[in-house]
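> Need coordinates for the following:
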Amino acid sequence: MNSPLRLPQLCVTASLALGFGLGAATTARAAGLTGATLSGDNYRYCATGSSTYRGSTCTDSLDTILSGNATSPGGNVELGARTETQGFSSQGSLSGSVGGQAITLSSLTAADWNSDLDGNGQTLGADWMRDLLTTYSPKALDTPDKGFSLIQFLLDLFTDSKGRERFSDPNVAYVNQEDGQVKVGLTGHYDARPLLASAGITPPVPLGVPIQVSEIVKVTYGGDTFFKYGLGATASGLVNNLGAGADGISHSGNYEVSFAAVPEPSLLLGGLVALGLGTALKRKAEAV
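Sure, this is the predicted structure:
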């Protein structure tokens, strides 16, 4: 017959339960986006075989389109689909819940490029350009003054060539939560060289070596708003060969960006209850 737990043992048990409970809040099995809705100007792309396509024949549900992962991205939703042709002041958005937390992913406006949400004293445009140069032309940033001047020069050229518009309509393939991270698949060009060239800039990288940079997505999640973009892609196994506007090059790369997940509210509440129980038991044990 097992002996009953004494109060000190019970306190330890409660503490362990609390730890495991909070751990489960962020390490549970992969969870996808639920309750997904679209607003604003967007395109839906379905996937069949090795091609993506949009138009009247793309009849998959939003849940099906967004059911991919890093291994098999599948279809995608292009947010702010006509940013390049119909103005740069309105957004397309995808909203839903992941891991019990509300999340909204949006395309960008001109104001977003000029914002400083991370408070580092630099605009999003300057941050993005610096990261691109750091990855593909680090010697260009040898000295702070030289780097700042080059970043501003390239950013002006990029802006005048409507590069910001080209990188402001992200294609979202999936939104999943796994191992304490929210992971967003951004479908783009496996080699973004042609896209950058059309925007007036091309880092000095040898031909045949892909230049990988994704479009930018604006994220509102856990009471915070921030921007995410990728500088490394995996082959998606797809290309936009069919349907309206097919170009034979888009959607060939998957850029997975991630950020820390916020524990589900119900799990946090359970953790607080366990914490209160553990504290009460500890005090009682100390009084014995």
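> Do a quick rundown of the helices in the stretch 1-150 of the chain.
7-27, 62-65, 110-113, 124-136, 144-160 (DSSP state H, counting those that start in this stretch).
> Against D112, how distant is G223?
From G223 across to D112, the span is 19 Å (CB to CB, to the nearest Å). In this view, the C-beta of every residue, glycine as well, is placed from N, C-alpha and C.
> let me redo that: L66
Between L66 and D112 the computed distance is 23 Å (CB to CB).
> do the same with L38
According to CB to CB, L38 and D112 sit 19 Å apart.
> These two: which has the busier surroundings?
Between L38 and D112, D112 has the larger neighbour count (other CB atoms under 10 Å), namely 21 against 16.
> who are the neighbours in contact with the more buried one?
With contacts defined as CB atoms under 8 Å, 6 or more residues apart in numbering, D112 is in contact with L124, S168, K218, F227.
> Restricted to helices, list those.
Counting by DSSP state H, the contacts of D112 place L124 in helices.
> among the contacts of D112, who's most crowded?
The most crowded member of these is S168, carrying 26 neighbours; neighbours defined as other CB under 10 Å.
> Without its sequence neighbours, what residue ends up closest to that one?
L108 (3.8 Å; CB to CB, 6 or more residues apart in numbering).
> ok, so what distance separates the one you found from V175?
Here L108 is placed at a distance of 18 Å from V175 (CB to CB).
> what do you get for Q101?
11 Å.
> Which of those two has more residues huddled nearby?
Neighbour count, other CB under 10 Å: between Q101 and V175, V175 has more, with 25 against 17.
> I'd like to know which elements whichever strand or helix holds the more buried one is packed against.
V175 is part of strand 171-178 when elements are defined by DSSP states H and E. If contacts are counted by 3 or more CB pairs under 8 Å, 6 or more residues apart in numbering; DSSP states H and E, strand 171-178 sits against strand 31-32, strand 76-79, strand 93-98, strand 101-106, strand 181-188.
> Could you dump those strands into JSON lines and include distance to S137 and mean pLDDT?
Shown next, in JSON lines, are the helices and strands packed on strand 171-178 (distance: least, CB to CB, whole Å; pLDDT from 0 to 100):
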{"stretch": "strand 31-32", "distance to S137": "37", "mean pLDDT": "92"}
{"stretch": "strand 76-79", "distance to S137": "29", "mean pLDDT": "98"}
{"stretch": "strand 93-98", "distance to S137": "33", "mean pLDDT": "98"}
{"stretch": "strand 101-106", "distance to S137": "30", "mean pLDDT": "98"}
{"stretch": "strand 181-188", "distance to S137": "20", "mean pLDDT": "98"}
